[in-house]
Structures are given as C-alpha cells and as structure tokens.
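S.K.: when you get a sec, could you give me coordinates for this:
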Amino acid sequence: MTTLQDHLQAEAQAAIQKRDQRKKRLAIVKAVAHSSAMEGMPLSHEMKGMLNACANGEMTTAQVRAKLDAKYRR
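M.R.: Numbering: from 1, shown residues only. Okay, the predicted model is just below:
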C-alpha cells in the first residue's frame, strides 16, 4: 500500500470506531432512560437532552455535571 492508502484506511477505521462508540453511548442513554422510567422516576426532557448531547459528543460529562450542580445547588 502507498502512504496515501494507509492514511485513508486509518481515517476510515477511525471514523468507523467513532460511529460505533457513539452508537454504544446512545444505547446506554436509552437503557438508562428505560431503567429510570421502570423504577418510577422517568428522566426529564432536559436530562435526556443533556445525556444525548453527551453521547453525541456535543457536551462532556463534566459539562453535564456542572449544569446539574448549578441547577440543584441551593
């Protein structure tokens, strides 16, 4: 293989891994929402939105935690 082919193959592999990791995170969010609802404490739309944003890479877990801390801080 040429260097360009190696580079393209590495980029394709990285994109596939990123997609698979995102799918896994979204499945975890879905499982958490389901479990919470089954226990009688469904997630709010705001919380679902933050968790989905985190799973999609739009927010970090630290940002989610900071928002929750700010919301529930007295």
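S.K.: which pLDDT value belongs to the residue nearest to the spatial centre of the chain?
M.R.: With distances taken as Cα atoms, centre = their mean, Ala55 lies nearest the centre of the chain, 0.8 Å away. pLDDT, Ala55: 95.
S.K.: cool, and the one 4 residues further on?
M.R.: Reported pLDDT at Met59 in the predicted model: 95.
S.K.: which SS class is it?
M.R.: Secondary structure state of Met59, per DSSP: H, G, I helix; E, B strand; the rest coil, is coil.
S.K.: shift numbering so it begins at 38
M.R.: I'll keep to 38 as the first residue from here, and by that count the last item is Met96.
S.K.: select the longest helix from this protein.
M.R.: Criterion DSSP state H: the longest helix present in the chain is helix 40-75.
S.K.: in the helix or strand just after it, what counts as buried?
M.R.: Counting by DSSP states H and E, the next helix or strand C-terminal to helix 40-75 is helix 82-92. By neighbour count on 16 or more other Cβ atoms under 10 Å, the buried set for helix 82-92 is 84-85, 87-89, 91-92. Backbone N, C-alpha and C define where each C-beta goes, glycine included.
S.K.: and those, which is closest to Ala47?
M.R.: Nearest to Ala47 out of the buried residues of helix 82-92 is Ala92 (Cβ to Cβ; 24.6 Å).
S.K.: touching, that closest one and Gln58? I think so.
M.R.: No. Judged on Cβ atoms under 8 Å, Ala92 makes no contact with Gln58 at a distance of 9.4 Å.
S.K.: Val101: how many residues sit nearby?
M.R.: When neighbours are defined as other Cβ atoms under 10 Å, Val101 has 15 of them.
S.K.: what helix or strand is it on?
M.R.: Using DSSP H and E, Val101 falls in helix 98-109.
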